[in-house]
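Undergrad: Predicted model and sequence follow; I will ask about them next.
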Amino acid sequence: MNMLSFLGETPTAALRLAQEECGEEAIVISTKKVSNASDNGKNMYEVVVALEEEDNKKNLAYTKPAVVKSNTSTSNPNPRPIQTQVYDFREEILKMQDKLEQVQKSIWNPKSQLYDLTIPHEFIDIYNLFEQNEFDQEMTYTIMKKTIKQLPVSLKSNPRKVNDFFKLVLRRIIPIKYEIPLRKHQRKIIMMVGPTGVGKTTTISKLAARYAYKLGQNYKVGIVTLDSFRVGAIEQLQAYTNIMRLPLEIVKKPEGLAEALFRLKDCNYIFIDTAGSSQYDVDKIELINEYQKKVEELPIEKILVLPANVKQSDLLEIYANYSRLNIDYLTFTKLDETKSFGNLISFSHKTKKSITYFSIGQNVPDDLIVSDTSFLIDCFMNNSCIRR
């Protein structure tokens, strides 16, 4: 857009000159008096108009003569051409738009009106990552507020340092249960619980293969299934256990669990697969409790298996109903089916339950990650499941 200036002894004369030169499409920006008759012998008025360029050239700055014409005075029959600077303001306008977008991004606009926080421009990219990852808003507010106060000014201008600082903050709030292999004569019983279709059976198969063959210890591993509801559940486990040459016990009533565990007494690791159910199906969840009561003298570690591709509110609702089983740890599956990981961090921090494993696909035994903060933070920072 070009800005042009026209002079005349009256505003009308200056405007008429502008219209003759630029046509009716010119937009009047301003009209002002630039000299007095007492100073220069006559009054002079300036009209500034804006005119859209047809060739859309950028960064243009040139000088164009604008002849002063006026019918109101004949004292000067040969007026001198006035040299006016004509600038293309397009680039400046685009820069202003970019600045406005940055300001708009930096304004904290939570659903709750309880919070009032302006994000510094150094934190805008990180703030956008929190938004894209569907991180809990209350936690985002707390983290941003503390970081704005605590991060030294000297580090704020370095994007890499800012990223590293936020990674450190996230590392401190993610609860992790580190894998500690058993000693030779130890035994551990692990029960996997959770909704239908989250991948409990596949995760058990991956863990069984890991402990039996991938740790170099050749642990003895046994599997128990309580899932007699789902069609094909037993057949799926039988196929895996046959391939891995592992013992499988099928239990259909609570009274049979103690006997099955006794038959697997020589195993270092025993994994119990349970029937999946909706978090609202309290009867099926209570049935798992009935199995536990029959072997309550045995220490059984309960792991709640949850899908990564659901929102935090759903995770909290699942946990609320399954917590009656006295959940010890969490395992997340389907990380390869989402690009948002803030819900996992927020949820595990709120429930104070440590994460044990991540499942990143269907391949047995490969698509299993032993939990660590670096893996989850990398997924968070890249909006993608990072395969190792």
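TA: Perfect, I can see it now.
Undergrad: can we go C-alpha only for contacts and neighbour counts from here?
TA: OK.
Undergrad: Spatially nearest residue to the residue most central in space within the chain (excluding sequence neighbours)?
TA: The residue lying closest to the centre of the chain (CA atoms, centre = their mean) is residue 133, at 1.5 Å. In space, and not counting its chain neighbours, residue 133 is closest to residue 340: 4.1 Å by CA to CA, 6 or more residues apart in numbering.
Undergrad: got a list of what the residue nearest to the centre of the chain touches?
TA: Taking CA atoms under 8 Å, 6 or more residues apart in numbering, we find residue 133 in contact with 339, 340, 341, 342, 343, 380, 383.
Undergrad: where's it relative to residue 355, distance?
TA: Using CA to CA, to the nearest Å, we find residue 133 at a distance of 18 Å from residue 355.
Undergrad: ok, so of the contacts of residue 133, who is nearest residue 254?
TA: The shortest gap between residue 254 and any of these belongs to residue 343, at 35.0 Å (CA to CA).
Undergrad: Excluding residues flanking it in the chain, which one is nearest that closest one?
TA: Using CA to CA, 6+ apart, the nearest residue to residue 343 is residue 312, at 5.0 Å.
Undergrad: all helices in the stretch 251-388 of the chain, in order from the N-terminus.
TA: 257-263, 282-293, 312-322, 342-351, 373-382 (DSSP state H, counting those that start in this stretch).
Undergrad: buried stuff in the shortest one?
TA: Spelled out, it's helix 257-263. 257, 258, 260, 261 (16 or more other CA atoms under 10 Å).
Undergrad: now the longest one
TA: Across helix 282-293, burial judged by 16+ other CA under 10 Å covers 284, 285, 288, 289, 291, 292.
Undergrad: I'd like these as TSV, with distance to residue 154 and pLDDT appended.
TA: Formatted as TSV, the buried residues of helix 282-293 follow (distance: CA to CA, whole Å; pLDDT from 0 to 100):
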residue	distance to residue 154	pLDDT
284	57	87
285	54	89
288	56	91
289	56	91
291	59	93
292	56	91
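Undergrad: where are the low-confidence patches of the chain?
TA: The chain contains residues with pLDDT under 70 at 1, 38-41, 52-92, 99-117, 228-232, 388.
Undergrad: before we move on, the earlier item: show me which pair in the contacts of residue 133 is furthest apart.
TA: 343 and 383 (12.3 Å).
Undergrad: where along the stretch 1-150 of the chain do the strands fall?
TA: 2-8, 27-35, 44-51, 61-66, 82-87 (DSSP state E, counting those that start in this stretch).
Undergrad: re the thing from before, neighbour count winner among residue 343 and residue 383?
TA: Legend: neighbour count by other CA atoms under 10 Å for residue 343 and residue 383, higher for residue 343 (22 against 17).
Undergrad: Just the endpoints, please. Distance across stretch 191-201?
TA: First residue to last in stretch 191-201 (CA to CA) measures 11 Å.
Undergrad: Now do the buried residues in that stretch.
TA: For stretch 191-201, by 16+ other CA under 10 Å, it's 191, 192, 193, 194, 195, 196, 198, 199, 200, 201.
Undergrad: which residues touch the closest residue to the second one other than its chain neighbours?
TA: Same thing as residue 192. Leaving aside its sequence neighbours, residue 192 sits nearest to residue 303 (CA to CA, 6+ apart; 5.1 Å). By CA under 8 Å, 6+ apart, the contact set of residue 303 is 190, 191, 192, 193, 327, 328, 329, 330, 331.
Undergrad: Look up how far residue 326 lies from residue 303.
TA: For residue 303, the distance to residue 326 - CA to CA - is 9 Å.
Undergrad: Also residue 98?
TA: Using CA to CA, residue 98 is found at 52 Å from residue 326.
Undergrad: can you give me the strands for the stretch 201-350 of the chain?
TA: Going by DSSP E, counting those that start in this stretch, the stretch 201-350 of the chain shows strands at 221-225, 248-250, 269-273, 300-307, 329-333.
Undergrad: JSON lines for those, including distance to residue 25?
TA: Output for the strands of the stretch 201-350 of the chain, formatted as JSON lines (distance: least, CA to CA, whole Å):
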{"stretch": "strand 221-225", "distance to residue 25": "80"}
{"stretch": "strand 248-250", "distance to residue 25": "84"}
{"stretch": "strand 269-273", "distance to residue 25": "76"}
{"stretch": "strand 300-307", "distance to residue 25": "60"}
{"stretch": "strand 329-333", "distance to residue 25": "62"}
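Undergrad: Can you pull the phi/psi pair for residue 152?
TA: phi -60, psi 140 (degrees, to the nearest 10).
Undergrad: My error: substitute residue 174 in the last question.
TA: Backbone torsions of residue 174, given as degrees, to the nearest 10, read phi -90, psi 120.
Undergrad: doesn't residue 344 make contact with it?
TA: No - Residue 174 is beyond contact range of residue 344, at 9.0 Å (criterion: CA atoms under 8 Å).
Undergrad: who's more crowded, those two?
TA: The neighbour count for residue 174 versus residue 344, taken as other CA under 10 Å, is higher for residue 344 (28 against 22).
Undergrad: Please consider this matter closed, and thank you.
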